[in-house]
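Trainee: Predicted coordinates and the sequence they were generated for:
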Amino acid sequence: MEGSIVSRKQLPRATEMHVGARETKLRMRRPLREQMDTQTPIHQLITTIARRKWFLLTMVVLGGVLAGLAGLAIPVGFEATTQVILDAPNRNGPAGAEPAPEMLDASIDDNITMLLSQGHLRRVMAELRKMEAGGTAEQGAGTGSSRPNPAGSGRPILRSFADGLLAGIWPQSKPEAADAAELKALRKGMRVGQELRSRVISIGFTDHDPTRAAMVANTFARLYIDDLAMRRQAADRLELTSIVAALPGVQRDLAEATDRLEKYRLSHGAVDQGAADNAAKETAELSQQISLSKADLSATESRLQHIQDLRKEGASVASLAEAVGSPALVDLAARQAGDRVDEDLRNAINREIDQGIARIAAEASIYRAQIAALESRKNVLDAVVADTAGRLSGLRALEPQVSILTQRYNDLLTQQQDLIRRIATPSAGVSVLSAAWPPTVPKTLSPIFLVPPGMVVFGLLGGIFVVVRDRLDQTLRGEAEAEAALGVPCLGLIPQAATMHAKRLKQLVLAQRRSRYSRAVTSLLVAAAPKQAGDRSSHIILVTSSVQDDGKTELAWSLALAATRLGGRVLFLDLDRTGARLTNEFLDEFTALKPHNFFGDYVSERCALHDAIAGMPEIGIDFMALAPSEDLLALLSTVDSSLFTDELHSTYGVVIINGPLGLGGPEAGLLTGWADAVLFAIRWGRTRRSIARGVLETLASDASVSVPVGSVLTQVNLKKHAGYQFGDSADLLLEEPS
């Protein structure tokens, strides 16, 4: 899968390498590219989707096809609906009263719960079995009456034998399991619900047969109404039985209470309620008069006592006259004030005082007599009232009993008549408003309507998969991306070749010089080993990689072939045994004589340089290899590389070292001291950046001197690479030279 553009834009900016360098490698010492930050996230997402458009299109088509197939696999369902209406909850209440919303909601909930109960579903299932069995029997009877079938008599025997044999081989499931499955299917097809806020309940059933759907819906409602009517009728019968049993007892109690009331009236006589009320009223008035008379008597006695006290104290005539309240005594008191020595006047005053006191005492006696008479009358009335109340209390105790028993008896008679009427014409409180008819329009959607949602869902899933996989991709694909991830310059990209063998590689590099592969290899060679004024014309280039399949050996042979076009001798030094297939092909195809000595003999000074060389005159390359038994690590750690690199520089214009893998050991790091430049091969879209970064760090730590290091992306799919819109050298390779 192609690398993630979004994730590349989030990589840290690569910094320029500050290492000591030979002045001849200016291209490899250039600052690293800055990653392109011009694309917005939306543009990056669109680029990713456009690059994987065929995959997304396949997902969309697949989603549409699967949705269509799923729609075809779903059986067509027809829903038939029966509507029932509930009686008002207050049908026995006052006429014209509206039902309370809470009562209506509770009634609706109760009926829906009973409709979907297990008991009702099982009754419906049993009734459907009877109806289907009856229909099958009728069809069989009609077929049998039309034409006798002599061969049909043996078919049941054969079928029973086959059923027994099949049951022995493959036991059938228990009847309980079959009933549970049928009950589950019936419950799944049912739909019961209230119509808006009304008293109407809809009962729907979905089936592939519209006639059966209507039959099941009607049967569902009919059985519920019949069962509810039977339940109410049974309850009414029980209530009627209890009422009939209670009527004789109530009638007997009523007769006994009536007899007691009549006997009481005969024994105590008739009571005039008006006379009793008048007596009570008169008693109240007498009590009020007695209270007033007692108040007047008390006032008179107090006045009389006051006068007597004044007289004993020797009070003045004026004070006594004021207390007695006699005008004559006041006049006498005024005359005495003018003539104090008149004896007759004094006697007259005394007589007037005595008369006043006698008069006040007479008033007190009158009040006492009046109070006694009133109290006597009141006592008589109290006796009359008490007698009347006693007789009335007995009547008031007996009359309510008679009234209650009479009302109870009448209520029982009314309930008995009502129950007889309800039993004769039972009502369920629910009636069918609209029966179900076989529907003509299927409830299930046409498969064509499932195709667009399926395409959208699979398209979204495919897009999410592409984006997630793109973000999780840890491989390297672009030059700027490789530089940012590895911290070294990326010198170029090598296109992917269809086949990679010796003759094909020679043809691509030397024969097809205008091909993309030849141009890329030649540009890479010039970038790694440029010729400048005053510069040494010889270059040693080490080619290495992290893992085996990174195209290292193919890159090394391609550089060696391209170097023959620059003039001068070219040496291919093979120090890697993992790429033996391509190297052996070159040796078999182009080597005239096999060398008797190897690289170990040369660096150990057991032979001269020309004795360890195998010539390939057809392609203009000399070949030197490592013997299979030689230990490269021991050789590199014991010799002075400068002694041999000077000789190689003086003899060859370009030396290509096909080094060992970076993960294979420290040999690649030791070989950096032999090279003027190091090319690190990275397979496009395959090599993980963490592995490549780790190998490069190892090379940098093992190198004794600072050597320019550059990365190369190998086996690049140019068409896919163009979809990433990196804007690097791959775009130049796609352009055909004029």
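Mentor: Here it is on my side, so go on.

Trainee: next SSE after the helix-or-strand element of the chain with minimal mean pLDDT?
Mentor: Ranked by mean pLDDT, DSSP states H and E, the weakest helix or strand in the chain is helix 5-9, scoring a mean of 32. As assigned by DSSP states H and E, the chain's next helix or strand after helix 5-9 is helix 41-51.

Trainee: Go through that following helix and flag the buried ones.
Mentor: 44, 45, 47, 48, 49, 51 (16 or more other C-beta atoms under 10 Å). Where you see a C-beta, it was placed from the backbone N, CA and C, and this is true even at glycine.

Trainee: For the stretch 101-250 of the chain, which segments count as strands?
Mentor: Here the stretch 101-250 of the chain has its strands, by DSSP state E, counting those that start in this stretch, at 190-194, 200-207.

Trainee: got a list of contacts for the longest one?
Mentor: What it means is strand 200-207. 77-86, 108, 111-112, 115, 189-195, 213, 216-217, 220-221, 433, 436, 443 (C-beta atoms under 8 Å, 6 or more residues apart in numbering).

Trainee: Could you point out which residue ranges in the stretch 51-200 of the chain have low pLDDT?
Mentor: Along the stretch 51-200 of the chain, segments meeting pLDDT under 70 span 89-100, 135-175.

Trainee: Any of the contacts of strand 200-207 buried? List them.
Mentor: The neighbour count (16+ other C-beta under 10 Å) marks 77-84, 86, 108, 111, 115, 189-190, 192, 194, 213, 216-217, 220-221, 433, 436 as buried among the contacts of strand 200-207.

Trainee: List the ones among those residues that fall in helices.
Mentor: Using DSSP state H, the subset of the buried ones among the contacts of strand 200-207 located in helices is 108, 111, 115, 189, 213, 216, 217, 220, 221.

Trainee: measure the fourth one to residue 125 for me?
Mentor: Here the criterion is C-beta to C-beta, to the nearest Å. By it, residue 189 lies 12 Å from residue 125.

Trainee: Could you grab the helix/strand/coil label for the residue lying closest to residue 608 once chain neighbours are set aside?
Mentor: Spatial nearest neighbour of residue 608, excluding adjacent residues (C-beta to C-beta, 6 or more residues apart in numbering): residue 602 at 7.7 Å. Secondary structure, DSSP: H, G, I helix; E, B strand; the rest coil: residue 602 is helix.

Trainee: right, and residue 602 touches residue 610 too?
Mentor: No. Residue 602 sits out of contact with residue 610 when judged by C-beta atoms under 8 Å, with a separation of 9.7 Å.

Trainee: picking up where we left off before, any idea which of the ones in helices among the buried ones among the contacts of strand 200-207 is closest to residue 727?
Mentor: residue 189 (62.5 Å; C-beta to C-beta).

Trainee: pLDDT score assigned to the closest residue to that closest one other than its chain neighbours?
Mentor: Excluding its sequence neighbours, the residue lying closest to residue 189 (C-beta to C-beta, 6+ apart) is residue 206, at 4.8 Å. Looking at residue 206, its pLDDT is 90.

Trainee: picking that back up, of the ones in helices among the buried ones among the contacts of strand 200-207, which pair is most distant in space?
Mentor: For these, with distances taken as C-beta to C-beta, the pair at the greatest spread is 108 and 213 (24.0 Å).

Trainee: now stretch 374-385: mean pLDDT?
Mentor: Rounded mean pLDDT across stretch 374-385 is 78.

Trainee: ranges for the strands of the stretch 351-500 of the chain?
Mentor: Going by DSSP E, counting those that start in this stretch, the stretch 351-500 of the chain shows strands at 430-434, 490-495.

Trainee: Please identify the most buried of the ones you listed.
Mentor: Counting by mean count of other C-beta atoms under 10 Å, strand 490-495 has the highest mean neighbour count of the strands of the stretch 351-500 of the chain, with a mean of 26.

Trainee: wait, doesn't residue 686 sit right on residue 475?
Mentor: Yes. The pair residue 686 / residue 475 is scored as a contact, 6.0 Å apart, by C-beta under 8 Å.

Trainee: so where's the stretch 201-350 of the chain uncertain?
Mentor: Short version for the stretch 201-350 of the chain, where the test is pLDDT under 70: 268-277, 337-342.

Trainee: For it, which segments count as helices?
Mentor: Taking DSSP state H, counting those that start in this stretch, the helices of the stretch 201-350 of the chain run over residues 210-268, 273-313, 317-324, 327-338, 343-424.

Trainee: now swap in the stretch 601-738 of the chain and tell me
Mentor: Under the criterion DSSP H, counting those that start in this stretch, the stretch 601-738 of the chain contains helices at 632-638, 641-651, 667-671, 689-702, 718-723, 729-734.

Trainee: swap in the stretch 451-600 of the chain?
Mentor: Remark: helices assigned in the stretch 451-600 of the chain by DSSP H, counting those that start in this stretch are 479-486, 502-506, 516-528, 552-563, 580-590, 599-603.

Trainee: Would you mind measuring from the closest residue in space to residue 187 that isn't next to it in sequence to residue 210?
Mentor: Excluding its sequence neighbours, the residue lying closest to residue 187 (C-beta to C-beta, 6+ apart) is residue 121, at 6.0 Å. Residue 121 sits at a distance of 22 Å from residue 210 (criterion: C-beta to C-beta).

Trainee: Equivalent analysis for residue 278, please.
Mentor: Counting by C-beta to C-beta, the gap from residue 278 to residue 210 is 88 Å.

Trainee: what about the two, which has more around it?
Mentor: Between residue 278 and residue 210, counting by other C-beta atoms under 10 Å, residue 210 is the more crowded of the two (20 against 13).

Trainee: quick one, what contacts residue 687?
Mentor: Taking C-beta under 8 Å, 6+ apart as the definition, contacts of residue 687 comprise 475, 476, 545, 546, 547, 550.

Trainee: can you redo those as a markdown table with neighbour count and distance to residue 725?
Mentor: Formatted as a markdown table, the contacts of residue 687 follow (neighbours: other C-beta atoms under 10 Å; distance: C-beta to C-beta, whole Å):
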| residue | neighbour count | distance to residue 725 |
| --- | --- | --- |
| 475 | 19 | 17 |
| 476 | 27 | 16 |
| 545 | 32 | 27 |
| 546 | 26 | 27 |
| 547 | 20 | 28 |
| 550 | 26 | 25 |
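
Trainee: Show me the two of those residues that sit farthest apart.
Mentor: Maximum distance among these (C-beta to C-beta): 13.9 Å, for 475 and 545.

Trainee: Please tell me the pLDDT value assigned to residue 413.
Mentor: 90.

Trainee: Residue 211 versus the residue nearest the centre of the chain, what's the distance?
Mentor: Nearest to the geometric centre of the chain sits residue 457, at 18.9 Å (C-alpha atoms, centre = their mean). Computed as C-beta to C-beta, the residue 457 to residue 211 distance reads 36 Å.

Trainee: Equivalent analysis for residue 289, please.
Mentor: The gap separating residue 289 from residue 211 is 99 Å, by C-beta to C-beta.

Trainee: Out of the buried residues of helix 41-51, which one has the weakest pLDDT?
Mentor: Lowest-confidence member of those: residue 44, scoring 71 (pLDDT).

Trainee: about what we covered before: indicate which one of the helices of the stretch 601-738 of the chain is closest to residue 515.
Mentor: Residue 515 sits nearest to helix 729-734 of all these, at 9.6 Å, using C-beta to C-beta.

Trainee: and the closest one, average pLDDT?
Mentor: 71.

Trainee: same deal with stretch 554-571?
Mentor: 89.

Trainee: Give the buried residues for that stretch.
Mentor: Neighbour-count burial for stretch 554-571, counted by 16+ other C-beta under 10 Å, picks out 554-564, 566, 569-571.

Trainee: How far does it stretch from one end to the other?
Mentor: 15 Å (C-alpha to C-alpha, to the nearest Å).

Trainee: now swap in stretch 504-519 and tell me
Mentor: Stretch 504-519: ends 16 Å apart by C-alpha to C-alpha.

Trainee: one step back: quick one: the helices of the stretch 451-600 of the chain as TSV, columns for distance to residue 408 too.
Mentor: Output for these, formatted as TSV (distance: least, C-beta to C-beta, whole Å):
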stretch	distance to residue 408
helix 479-486	101
helix 502-506	118
helix 516-528	114
helix 552-563	114
helix 580-590	116
helix 599-603	129
